[in-house]
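# no letters, just coordinates:
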């Protein structure tokens, strides 16, 4: 879908969400006011309330969009893949590519996980649980001769930790390309989790350039 | 040093800092007011300003104490250790033990790294850089037959990521003991970073029970 396919309403909403994500990432959700977002977007307060009833709704839409897009693309890419090692490789590459192309949004996902309440929190948590379980299932199927040395829960969250921590140090515009980052982390994790399972196919993941912004109205981003 | 060795002033200051760390962890530094801290500690606003001139000073003292204690204990434990693999093992165990015993403070370190300004920021950043370089140096000396496959910078931050992410999922009071967590992460990381370097000595790290709170006035904590 390209920007042209989005209604003007949706385009404006995405613009507001992207700006809000940046401000939340910079100064935290709690200390951002609707007035701050109004100032940054040049949309009047009354105008903002036309797009969302309250600030929490913005945070919800950002988080829901993030998990939604990452999960959707992952499921598409895993169709027809049977080798668990290749599945894991795709999982890592997919996660890191989205992360690197949406650093502000991903920081908001990490830092503001507990800032939503009630139904909104439950909805996002549901998607997060689904995503986490998908990761655990993939890991469970990665066998190796030395299997079972590392606790599966520890391994799952160690993987998320090494991937999600990149917002603290990684510069997507720097020398290390996302594809190299993904290959390094895949090598590190896979060799540690299932010694001997890194094979020739592991390094041959083909990737078409694609739009990896979680926002539909943003054309071709770095990836 | 025990609680008795601390002056009443220091004890009170530590109590304020520990309470502030918990509130910063719960609702973020930016949206916490001195009034919130006054309410939580039952210390009057005027009383609080006797211990620190402004909120930023509290954040600085928490962060500075954290890195200070973790670094100090690590350096003590590394004296007389020459085997790089054992050094790495001690590094991981030390980091995780402190983290697990001071979850609120460590979350504040992670989330509020950019909330300090000027000299205070520079001072904490200096300690953080020193700690990061220490980790990189240890990794650099861990050799293996398959050396050089994983970029050293990626490996360093992957290690910090898998360790620091635990505040999102790990319950120090749960079934998985910190020592087991440390052993799992050491196994996972070491086997991934330097295949074949995990040996018998890796699993035999002896640890005396000790006070692992970053606060001196807190007696024997879980560890």
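Cool, got the structure. It should be emphasised that the depicted structure is a prediction, and the values quoted were computed from it without experimental measurement.
# quick check: which element contains the nearest residue to residue A:91 once chain neighbours are set aside?
The spatially closest residue to residue A:91, leaving aside those adjacent along the chain, is residue A:138, at 5.7 Å (Cβ to Cβ, 6 or more residues apart in numbering or on different chains). The way it works is simple: take the backbone N, C-alpha and C, and place the C-beta from them, glycine included. Applying DSSP states H and E as the criterion places residue A:138 in helix A:118-141.
# what's in contact with that helix?
A:56-57, A:59-60, A:63-64, A:67-68, A:70-71, A:74, A:84, A:87-88, A:91, A:113-114, A:116, A:152-153, A:155-156, A:159-160, A:193 (Cβ atoms under 8 Å, 6 or more residues apart in numbering or on different chains).
# do you know the pLDDT at the nearest residue to residue A:10 once chain neighbours are set aside?
Residue nearest to residue A:10 in three dimensions, not counting chain neighbours: residue A:217, with 7.3 Å by Cβ to Cβ, 6+ apart. At residue A:217, the pLDDT value in this model is 71.
# go ahead and confirm residue A:217 touches residue A:13.
No - at 9.2 Å, residue A:217 does not count as touching residue A:13 under the criterion of Cβ atoms under 8 Å.
# buried ones in the helix or strand of chain A with the lowest mean pLDDT?
Lowest mean confidence among the helices and strands of chain A (mean pLDDT, DSSP states H and E): helix A:103-111, at a mean of 89. Judged by neighbour count using 16 or more other Cβ atoms under 10 Å in any protein chain shown, the buried positions of helix A:103-111 are A:103-111.
# chain B next: which of the residues you listed are close?
A:110-111 (Cβ under 8 Å from any Cβ of the partner chain).
# tell me the angle the helix holding residue A:138 makes with helix A:103-111.
90 degrees (axes from the mean of the first three to the mean of the last three Cα atoms, to 10 degrees).
# and helix A:118-141, what's buried?
Going by 16+ other Cβ under 10 Å, helix A:118-141 has these buried residues: A:120-121, A:124, A:127-128, A:131, A:134-136, A:138-139.
# may I see those residues organised as JSON lines, with pLDDT added?
Formatted as JSON lines, the buried residues of helix A:118-141 follow (pLDDT from 0 to 100):
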{"residue": "A:120", "pLDDT": "95"}
{"residue": "A:121", "pLDDT": "94"}
{"residue": "A:124", "pLDDT": "94"}
{"residue": "A:127", "pLDDT": "92"}
{"residue": "A:128", "pLDDT": "93"}
{"residue": "A:131", "pLDDT": "95"}
{"residue": "A:134", "pLDDT": "95"}
{"residue": "A:135", "pLDDT": "96"}
{"residue": "A:136", "pLDDT": "95"}
{"residue": "A:138", "pLDDT": "95"}
{"residue": "A:139", "pLDDT": "94"}
